[in-house]
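*Asks:* okay, here's the prediction I keep looking at, along with the sequence it came from:
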Amino acid sequence: MKKEMVLKMFLLCLCIAGFVSCSDDSNDIAFNGESLEQTQWSGTMYFYSNGEVTGENSYGISFLTDDSGITSTTDENGYHTKSYFTYSITDNLITFTVDKSDWLDGYWFLKSFNKDAMELEQSTGEENAYKQVLVLKRTY
């Protein structure tokens, strides 16, 4: 009788532990217009040459719809700009078309993405080539 009670308690503990470990804490979400729509991101764009950081700008990006948004940037001299953009996503490539001259314009390769952060890179892939890396954290 006592063994049966201990066995039932043990099984109950296993069931509870199983349910707790099944929580959905996954940070992984699809990289598409729907997952970006109505989100805001803030971070830094780093400029590299020969593997060294040569400059950086702070960036804010609001994805208003599944294909358009607004961006603001402040360069190292404190100059602030705001631009509107459209974008399209194909697999791990996002292409921005910005209404003004802006570093964001063009193609970007997705390096990492989850519900809280993303990293994009614009480069040819050659080790010492000039490249830009945009590191963003989700703010809304």
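*Replies:* Ah, there it is.
*Asks:* from Ala129, how far out is Thr73?
*Replies:* 22 Å (C-beta to C-beta, to the nearest Å). Just so you know, the C-beta spots here come from the backbone N, C-alpha and C atoms, and that holds for glycine as well.
*Asks:* ditto for Glu119
*Replies:* Plainly put, Glu119 is 18 Å away from Ala129 if you go by C-beta to C-beta.
*Asks:* more neighbours, the two?
*Replies:* Higher neighbour count among Glu119 and Ala129: Glu119, with 15 against 12, using other C-beta atoms under 10 Å.
*Asks:* what about the nearest residue to that one once chain neighbours are set aside, how many residues nearby?
*Replies:* Once flanking residues are discounted, Glu119 sits nearest to Lys111: 4.2 Å by C-beta to C-beta, 6 or more residues apart in numbering. Here the count is done by other C-beta under 10 Å, and Lys111 has 13 residues near it.
*Asks:* show me the contacts for Lys111.
*Replies:* Counting by C-beta atoms under 8 Å, 6 or more residues apart in numbering, Lys111 makes contact with Glu119, Leu120, Glu121, Val133.
*Asks:* ok, the second one touching Leu134?
*Replies:* Yes. Proximity of Leu120 to Leu134 meets the contact threshold set by C-beta atoms under 8 Å, at 4.4 Å.
*Asks:* just to be sure, the residue nearest to Glu119 is in a strand?
*Replies:* Yes. With DSSP: H, G, I helix; E, B strand; the rest coil as the criterion, Lys111 is assigned to a strand.
*Asks:* circling back to that earlier point, make a PyMOL selection of whichever of the contacts of Lys111 turn out to be buried.
*Replies:* Here is the PyMOL command that selects the buried residues among the contacts of Lys111 (16 or more other C-beta atoms under 10 Å):
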select buried, resi 120+121+133
